[in-house]
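**Q** Predicted model, plus sequence, below.
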Amino acid sequence: MNSPPDDVNNSVDWVNRRLSRSPTALTSLVPRSFKSYVRILHPFQDAVGRRVRWAPLARSVGIDTADNLMWSTELERALAGGVLTGSGYEEPLPGPLEPTELKLLVSALALQSHKINDECICAFWNGWTELTMSTISGSPQPADNALGTKGELRKIQDKSYRLVQRSLSYFTEGRVRFVDSPDLMWPIDRKWFLRSDVSLMSSFLGSSSDPVKVLEEPALEAIRLSEDAEIL
């Protein structure tokens, strides 16, 4: 039986049902049963503010990035062990994608589906309204975001989110600010699911089709993951 289409008044139970209880599993962030999974790596910065990709840094500390789906997780664990301490590199910002990256990602997904006007559910973590910019070092997400008190409040796992409905074209046309970047996002037909989190330096995508356009976008560092991947 087909699932009913989502809207801001519809339940998010399908998300909670398909999320794993294992705290280190990829599917604890992105629902199970998608055909493909992708990790979008937020960039590092060097000492003069230039963006730096994960792959060359991983190779510089001896991590093999060829034919190794877990190399990004291995680098993250090495970071926790202080492998880049004193190197001058600034770790990626946690939280939602930056506006430029979000626009590129959404544009790639729209090209993939040929549906630029698809309606999406956008979920904004309610905790942002309780944080100041200084709480998360370097994060430009303000405490008083554009959503304000608007949006239906829903619980996904152990966090509360404000849900609003927006078209994909909202993100591909015009100027998108950081406050417009959602923590979770999925189209009405649930063909894909995007997840960011205040504690993560990457965003994660599940897709019911092969997201070739996302992987081929040169300005994004996106890598494939298997559904059974451990990401923490």
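**A** Nice, thanks for sending it over.

**Q** Report pLDDT for residue 118.
**A** Note for residue 118: predicted pLDDT of 79.

**Q** same deal with residue 127?
**A** Note on residue 127: pLDDT of 86.

**Q** mind checking how far it is from residue 100?
**A** Distance of residue 127 to residue 100, computed by CB to CB, to the nearest Å: 24 Å. (Each C-beta comes from the backbone N, C-alpha and C, glycine too.)

**Q** Compare neighbour counts for these two and give me the winner.
**A** residue 127 (14 against 11; other CB atoms under 10 Å).

**Q** can I assume that one is in contact with residue 161?
**A** No. With contact defined as CB atoms under 8 Å, residue 127 does not count as touching residue 161 (9.2 Å).

**Q** before we move on, could you check phi and psi at residue 187?
**A** phi -80, psi 160 (degrees, to the nearest 10).

**Q** Surely it touches residue 112?
**A** No. Contact criterion CB under 8 Å: residue 187 and residue 112 do not qualify, at 11.3 Å.

**Q** Please list all residues in contact with the closest residue to residue 64 other than its chain neighbours.
**A** Distance criterion CB to CB, 6 or more residues apart in numbering; nearest residue to residue 64, sequence neighbours excluded, is residue 71 at 6.6 Å. Going by CB atoms under 8 Å, 6 or more residues apart in numbering, residue 71 touches 55, 58, 63-65, 223.

**Q** got the contact list for residue 204?
**A** Counting by CB under 8 Å, 6+ apart, residue 204 has contacts 26, 29-30, 37-40, 194-196, 225, 231.

**Q** May I ask which helix or strand of this structure has the lowest mean pLDDT?
**A** Lowest by mean pLDDT, DSSP states H and E among the helices and strands of the chain is helix 168-172, with a mean of 87.

**Q** what about the residue most central in space within the chain, which SS state?
**A** Nearest to the mean C-alpha position of the chain, by CA atoms, centre = their mean, lies residue 203 at 2.5 Å. Here residue 203 is recorded as strand under DSSP: H, G, I helix; E, B strand; the rest coil.

**Q** One more: residue 40?
**A** Residue 40 - assigned by three-state DSSP - is strand.

**Q** Could you report the neighbour count for it?
**A** 22.

**Q** Surely it touches residue 219?
**A** No. Look at residue 40 against residue 219 with CB under 8 Å: they stay out of range, at 11.0 Å.

**Q** Name the residues of the lengthiest helix in the chain that are buried.
**A** When the chain is parsed with DSSP state H, its longest helix is helix 99-113. Burial within helix 99-113, assessed by neighbour count using 16 or more other CB atoms under 10 Å, is assigned to 99, 101-113.
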